[in-house]
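**Student:** curious how this folds, go ahead:
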Amino acid sequence: MRLKTAALLVLLGLLTMLAGIGQLTFWAPSETVTASVPSDTKAAPLTVIDQKLIALHDGPVKIKIQGEGNFTVATGRPDDVNAWVGKTAHTTLTGVSADQKSLEVSSADGEATAPSPAGSDLWVSTEDGSGELDYTWNPPADGEWSLLVASDGTKPAPSSISMTFPNNATTPWAVPLIVLGIIIILIGAALPFIAKALINRRRDGEDDGRGNADETTSLPVQSPADDTTPVGETKKEGPALRVTAVAAALAAVMVGGTAVAAQATTTPQPSASSAPAAADGGTPVMLESQLQRILEQVASTVDAADAAKDAAKLAPRVDKMELQVRTANYKIRSTVSAYEPRMPVRATKLQSSVISTKRDWPRTVFALTQGDGNVVPQVLTLVQLSPRENYKLWGTAPLQPGTNFPSFPVPREGTQPVPASDKTGLAYSGNEALGILGEMLTNPDSPNRSKLADGQSSPYIAGALAYQADTVKNGTSANFKFTHTPVTNQTVVLRTADGGALVVGRLDFAFEGTPKAAGDKLLLEDDSAVFAGGKETTTGMVLNFAESVAVYIPPAGSADPMKLVAATRGLVGASFK
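**Tutor:** Here you go, the predicted structure:
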């Protein structure tokens, strides 16, 4: 019976260990689960894969998309994707069904078409497919991300989409079962030897008892004659069989439940990486890699237009002041060959990226670049007016010689914008700063002159004042008036790392001349004559310049004056009175 008990324990141990090994091998759950869009999903021009779905499991997500013709998969922040979708009809993939075989879908009615999302500056990256695309999703940076799938915006977006996720199912009983099986096998293997040792010990004890009966009291030992087991019944080995029964019961329970445990799948929670980058909505409006891509496209557009002296070529990527100044420059150079071209726009070397955290529109970023043809680094102002428009270059301003560009928070953290009229935490508001600059350029004896560093600290201010003074001195037969007026709707303010701010904007510089007496004449230079239609006037003239400026504002409480960081001007018009 002891050998049978030992054999049974070894068998149970093997079965238990096999159950544990099975959970890690042939009973192991699949490493991935695949869910697909239901076949009856309503067609729409746009499909959104929600950030909660793609962040449902840790690790990469494989997405298979099938559709007719060409299509695009774009990666963007959830609010960017939603803003771009707008009122267009769309399908949103929101989650996975309980059996993890189907993707949960919601549909929204709306406009039947949308522009193609290909080429939009909102996207961190895009993948193009034709007919079929196998796409592996990995988050490009921290924070939340969504995907937008579309054809050209007029045709239905691909409707056959499946997503393969890492399976979060676990096998918690595998190792315990293997360990328990080994223990039971060891007990079964050792049982005959232990039993034999106990019998020998008992016999030795009986022999010792007989030899020392006069000295030792013998314990009663049950003899075969005293066995009261009824005829036909097997004598029970109490302790051994009880151990075997307990082990068998425990093993049976574990083996019986192992298949269910192996197939159980926990409900996944969104991974930690899906948390918003900042609870207050302070996520930068783009990654630095996006800015570099946008700068390259802007620089390429401006290069082509400069080479052809064709303002129409600027339209896709240039607007406002920069468009006006370069258009005027092309017009002058088409007549006056010696006229100096505008400083070229370069994407490299990118020396500083100033990315706003203002997530509504319009959005603004600054870039400081210096490349071929840039004697000094140049401040570029890029503005995106709405989600479906791309960033355009609004202004360029070369850094003042000997001036350092302010330090800003790192691009991945972004820079806080400040309303142009707000001076919270600042010595002056953005509007006040440009007003003081305009006043100083207009009136050399301005009472606010001490608030803004000038002279050698600001070559542009010194040069503008000298130009105006020389004009008055040399123009003895005319009266002159100079005004520098801020254009408030083109003013942008972003905070610097020290708590101050950089305000970038435009001043309109008007230069008026009127003859002092009848018959006096005013002579225009060749560049101004292009706009005025002649070089002489006896009635007076007006020259118009656009000034692109950037002013550093110290934090509140600082004794330092403001400083003109970058500035330039361009002739944009001339006329006779």
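**Student:** would you mind measuring from residue 491 to residue 153?
**Tutor:** Counting by Cβ to Cβ, to the nearest Å, the gap from residue 491 to residue 153 is 35 Å. Heads up, the C-betas are built off the backbone N, CA and C, glycines and all.
**Student:** neighbours of the closest residue to residue 498 other than its chain neighbours, how many?
**Tutor:** Nearest residue to residue 498, sequence neighbours excluded (Cβ to Cβ, 6 or more residues apart in numbering): residue 555, at 6.3 Å. Neighbour count of residue 555, defined by other Cβ atoms under 10 Å: 15.
**Student:** residue 499 versus residue 555, what's the distance?
**Tutor:** To residue 499, residue 555 is 4 Å away according to Cβ to Cβ.
**Student:** how about residue 41?
**Tutor:** Distance, residue 41 to residue 499, using Cβ to Cβ: 52 Å.
**Student:** can you pull the contacts of the nearest residue to residue 63 once chain neighbours are set aside?
**Tutor:** Of all residues not flanking residue 63 in the chain, residue 135 sits nearest, at 4.5 Å (Cβ to Cβ, 6+ apart). Contact analysis of residue 135 by Cβ atoms under 8 Å, 6 or more residues apart in numbering lists 62-65, 73, 127, 129.
**Student:** just for the stretch 1-150 of the chain, where's the confidence low?
**Tutor:** Judged by pLDDT under 70, the stretch 1-150 of the chain has its weakly predicted residues at 1-2, 20, 22-31.
**Student:** same question, the chain
**Tutor:** Along the chain, the parts satisfying pLDDT under 70 run over 1-2, 20, 22-31, 167-172, 174, 204-281, 455-457.
**Student:** isn't residue 576 right up against residue 535?
**Tutor:** No - proximity of residue 576 to residue 535 does not meet the contact threshold set by Cβ atoms under 8 Å, at 10.5 Å.
**Student:** what is in contact with these two at once?
**Tutor:** Shared contacts of residue 576 and residue 535 (Cβ under 8 Å, 6+ apart): none.
**Student:** and residue 542, what does it touch?
**Tutor:** 510-513, 574-575, 577.
**Student:** wait, isn't residue 509 in contact with residue 546?
**Tutor:** Yes - Residue 509 lies in contact with residue 546 (Cβ under 8 Å); the separation is 7.4 Å.
**Student:** give me the common contacts of these two.
**Tutor:** Listed contacts common to residue 509 and residue 546 are residue 569; contacts here mean Cβ under 8 Å, 6+ apart.
**Student:** picking that back up, more neighbours: which of residue 41 and residue 499?
**Tutor:** residue 41 (17 against 13).
**Student:** that one touches residue 93, doesn't it?
**Tutor:** No - counting by Cβ under 8 Å, residue 41 stays clear of residue 93, with 9.3 Å between them.
**Student:** residues shared between the contacts of those two?
**Tutor:** Listed as contacting both residue 41 and residue 93 by Cβ under 8 Å, 6+ apart are residue 105.
**Student:** for residue 19, which three-state class applies?
**Tutor:** Per DSSP: H, G, I helix; E, B strand; the rest coil, the secondary structure class of residue 19 is helix.
**Student:** just to revisit the earlier point, ok, the residue nearest to residue 498 touching residue 425?
**Tutor:** Yes - counting by Cβ under 8 Å, residue 425 is a contact partner of residue 555 at 6.1 Å.
**Student:** touching both of those two, which residues are there?
**Tutor:** Any residue near both residue 555 and residue 425 by Cβ under 8 Å, 6+ apart counts here, and that gives residue 499.
**Student:** now the residue most central in space within the chain: how far from residue 121?
**Tutor:** Closest residue to the average C-alpha location of the chain: residue 141 at 5.0 Å, with Cα atoms, centre = their mean. Computed as Cβ to Cβ, the residue 141 to residue 121 distance reads 16 Å.
**Student:** hey, where'd the strands end up in the stretch 1-150 of the chain?
**Tutor:** Here the stretch 1-150 of the chain has its strands, by DSSP state E, counting those that start in this stretch, at 32-36, 46-49, 61-76, 90-96, 103-108, 125-137, 146-150.
**Student:** and the helix or strand that comes right after the last one with strand 103-108, angle?
**Tutor:** Remark: after strand 146-150, the chain's next helix or strand is strand 160-166, criterion DSSP states H and E. What separates the directions of strand 160-166 and strand 103-108 is an angle of 140 degrees, with axes from the mean of the first three to the mean of the last three Cα atoms, to 10 degrees.
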